[in-house]
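Trainee: Turn this into a structure:
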Amino acid sequence: MKFIKVTGGYFLKLEKGEEIISTITDFVAKQNIPGGALWGIGAITDVTIGYFSGHEKKYYKQTFSDEYELLSLSGSISYIESKPIIHAHIIISKTDYSLTGGHCFSAKVAVTTEIFIHTFEQKLNRAMDTEIGLNLLKF
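Mentor: Below is the predicted model:
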């Protein structure tokens with residue numbers, strides 16, 4: 001990964017083979033980013049996407065192994081205690097130009113991926129909401 005600091009945050013260029021979520025998580029920790037929002041585009045593979053069932057309080061996951069256009073990766077940067085959490089959703093274009101998306105658990109860069117991180121001065125925290133069954137933002 002390569003990056004530059006820009007007005008309002010950072011611009012990252014991820015390299016072929018890098019896992020997107022863990023790379024961003026490590027970057028956030030190393031740069032001491034207290035909170036933020038992110039957006040990305042690129043070409044990816046080995047994508048694990050999930051759908052959360054509110055009734056069952058669990059995720060259903062599916063992995064897609066081909067090469068896909070990353071049309072949109074968007075999300076937030078927050079913390080559970082001292083651990084950075086990347087909460088990201090994704091839309092990918094398949095080879096037949098159909099789209100699929102959901103919560104992004106993981107994805108590897110197939111060609112390149114560009115991520116913009118808009119940083120906040122305030123630390124964003126999450127805590128378990130037992131009624132919902134997820135770690136939600138806590139204001």
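
Trainee: in this structure, which residue is closest to the centre?
Mentor: Centroid-nearest residue in the chain, with C-alpha atoms, centre = their mean: residue 88, separated by 3.5 Å.

Trainee: can you give me the strands in the chain?
Mentor: 2-6, 9-15, 35-53, 58-80, 83-93, 99-120, 125-129, 134-138 (DSSP state E).

Trainee: how about the ones you listed in a markdown table, adding distance to residue 29 and mean pLDDT?
Mentor: The C-beta positions use only the backbone N, C-alpha and C, and glycine is treated the same way. A markdown table is the format used below for the strands of the chain (distance: least, C-beta to C-beta, whole Å; pLDDT from 0 to 100):
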| stretch | distance to residue 29 | mean pLDDT |
| --- | --- | --- |
| strand 2-6 | 14 | 98 |
| strand 9-15 | 13 | 98 |
| strand 35-53 | 13 | 98 |
| strand 58-80 | 10 | 97 |
| strand 83-93 | 5 | 98 |
| strand 99-120 | 13 | 98 |
| strand 125-129 | 15 | 96 |
| strand 134-138 | 17 | 96 |
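
Trainee: Of all these, which one is nearest residue 24?
Mentor: Across those, residue 24 has its closest neighbour in strand 83-93 (5.2 Å, C-beta to C-beta).

Trainee: what helices or strands is that closest one leaning on?
Mentor: helix 20-31, strand 35-53, strand 58-80, strand 99-120 (3 or more C-beta pairs under 8 Å, 6 or more residues apart in numbering; DSSP states H and E).

Trainee: Sheet-wise, list the partners of the second one with their directions.
Mentor: What it means is strand 35-53. When pairing is defined by DSSP bridges, strand 35-53 lines up against strand 58-80 (antiparallel), strand 99-120 (antiparallel).

Trainee: Of all the residues in the longest one, which ones are buried?
Mentor: Across strand 58-80, burial judged by 16 or more other C-beta atoms under 10 Å covers 64, 67, 68, 69, 70, 72, 73, 75, 76, 77, 78, 79.

Trainee: Report the two of the residues you listed separated the most.
Mentor: Maximum distance among these (C-beta to C-beta): 32.9 Å, for 67 and 79.

Trainee: Correct me if wrong: residue 65 contacts residue 92.
Mentor: No. With contact defined as C-beta atoms under 8 Å, residue 65 does not count as touching residue 92 (11.9 Å).
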